[in-house]
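1. Quick one, fold the following:
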Amino acid sequence: MVKSSVVNIESVSNSSFGTGFVIDSDERGVYILTCGHVVAKGEFVDIAVLYVSRLHLSPLLLQVDECDSLDVEVIGFSNFNKSLTQKKHIKAMLYQEAIELHSKENEMFYTVRKIKANDGFNFDRGNSGSPVICKSSGRVIAMVSNKEGSDIGYAIDIVTLKTVWDSMPTSLLKK
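-> Residues are numbered from 1 along each chain as shown. Just a heads-up that it's a prediction; the model follows:
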């Protein structure tokens, strides 16, 4: 179920690609969470919620409370060669320390945490929007936003979703 709920996203507006994952569904389609920079440019909070009609996949469960372990798994797409993308499972460790990113234009801020890929794993172009899954619960606790080198990245805490999706069903972020 988890594998089919993580999808490759390609933007025609800015020729970028990344990863997204299903967070909710209704009888007409699904809501997919990804990074804002994968599908557009210019928003402060790097989160986008897309609605795709006529796509029926099971949503991943979200978790707003702390994961009882820092061991996580990331599932994301990246280039394999010129004509293929690959979906990889990346074993990683989430840093405990939260980092607040503040806007220079207003009072907005959101929280990210560093994430380090375990030995032998790397974050690649296309991993933006990948779910960060708590190993012990199997629920999504964050989303990969960008990287700092090959094995270090940043993940946006899932609770930030409510700052960008006003009409979000409250049941999505229940503890």
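2. alpha carbons only for contacts and neighbour counts from here, please
-> OK.
3. Which strand runs longest in this structure?
-> Ranked by residue count and defined by DSSP state E, the top strand of the chain is strand 84-102.
4. Paired strands for that strand, with orientation please.
-> strand 71-81 (antiparallel), strand 109-117 (antiparallel) (DSSP bridges).
5. tell me the helices in the chain, going along the chain?
-> For the chain, the helices defined by DSSP state H occupy 2-5, 36-39, 161-164.
6. lowest-confidence stretch among those helices?
-> When the helices of the chain are compared by mean pLDDT, helix 2-5 comes last with a mean of 78.
7. In this structure, what helix or strand scores lowest on average pLDDT?
-> helix 2-5 (a mean of 78; mean pLDDT, DSSP states H and E).
8. what's the neighbour count on Ser136?
-> 12 (other Cα atoms under 10 Å).
9. how much space is there between it and His89?
-> Applying Cα to Cα, to the nearest Å, the value for Ser136 to His89 is 16 Å.
10. if I pick the residue nearest the centre of the chain, what's in contact with it?
-> Residue closest to the average C-alpha location in the chain (Cα atoms, centre = their mean): Met143, at 2.7 Å. Taking Cα atoms under 8 Å, 6 or more residues apart in numbering, we find Met143 in contact with Thr34, Ser128, Gly129, Ser130, Pro131, Val132, Ala155, Ile156, Asp157, Ile158.
11. would JSON lines of the residues you listed with distance to Val7, neighbour count and pLDDT be doable?
-> Below are the contacts of Met143 laid out as JSON lines (distance: Cα to Cα, whole Å; neighbours: other Cα atoms under 10 Å; pLDDT from 0 to 100):
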{"residue": "Thr34", "distance to Val7": "10", "neighbour count": "28", "pLDDT": "95"}
{"residue": "Ser128", "distance to Val7": "12", "neighbour count": "30", "pLDDT": "93"}
{"residue": "Gly129", "distance to Val7": "10", "neighbour count": "36", "pLDDT": "95"}
{"residue": "Ser130", "distance to Val7": "9", "neighbour count": "28", "pLDDT": "96"}
{"residue": "Pro131", "distance to Val7": "10", "neighbour count": "31", "pLDDT": "97"}
{"residue": "Val132", "distance to Val7": "14", "neighbour count": "29", "pLDDT": "96"}
{"residue": "Ala155", "distance to Val7": "18", "neighbour count": "26", "pLDDT": "95"}
{"residue": "Ile156", "distance to Val7": "18", "neighbour count": "27", "pLDDT": "95"}
{"residue": "Asp157", "distance to Val7": "20", "neighbour count": "21", "pLDDT": "92"}
{"residue": "Ile158", "distance to Val7": "18", "neighbour count": "21", "pLDDT": "91"}
